[in-house]
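1. Next comes the sequence, and after it the predicted model I'd like to discuss.
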Amino acid sequence: LAREFARMIRADKEFELAAEPMSNIVCFRYEPGNIVDINRLNSQIRKKSLENGEYYIVQTELQGEIYLRVTLMNPFTEKVHLASLLEEIKRIATAFI
């Protein structure tokens, strides 16, 4: 499922995959282009997502850059849920762009 989520992220030009997942953890960030402070945008996305309560996303720093991190643990998670998460991130981001 993590590899499938990585494929979904790579297929969308507004997202950047940090690295190929080796387990159930996927690190990525929203990067729609022409954004001056990508780190701040992704931090704001994470905070608002947590406030909404539908998804649990953590934040991590890789080489000085902020990324979102998802750990896929629920055996009932399906691709439709992951697609919904990416759409939710885009929706949240519009408030900050």
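-> Perfect, I can see it now. Residues are numbered from 1 along each chain as shown.
2. per-residue confidence for Ile97?
-> Note for Ile97: predicted pLDDT of 83.
3. Quick check, it in contact with Pro32.
-> Yes - the criterion here is Cβ atoms under 8 Å, and Ile97 meets it with Pro32 at 6.9 Å. Where you see a C-beta, it was placed from the backbone N, CA and C, and this is true even at glycine.
4. which SSE is Gly33 in?
-> Assigned by DSSP states H and E, Gly33 belongs to neither a helix nor a strand.
5. Likewise for Arg40?
-> helix 38-52.
6. helices and strands around that helix, which ones?
-> Secondary-structure packing of helix 38-52 (3 or more Cβ pairs under 8 Å, 6 or more residues apart in numbering; DSSP states H and E): strand 25-30, strand 58-62, strand 65-71, helix 79-94.
7. Mean neighbour count, mean pLDDT and distance to Arg7 added to these, as JSON lines?
-> Listed next are these as JSON lines, based on neighbours: other Cβ atoms under 10 Å; pLDDT from 0 to 100; distance: least, Cβ to Cβ, whole Å:
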{"stretch": "strand 25-30", "mean neighbour count": "22", "mean pLDDT": "98", "distance to Arg7": "11"}
{"stretch": "strand 58-62", "mean neighbour count": "13", "mean pLDDT": "96", "distance to Arg7": "20"}
{"stretch": "strand 65-71", "mean neighbour count": "18", "mean pLDDT": "97", "distance to Arg7": "14"}
{"stretch": "helix 79-94", "mean neighbour count": "15", "mean pLDDT": "97", "distance to Arg7": "10"}
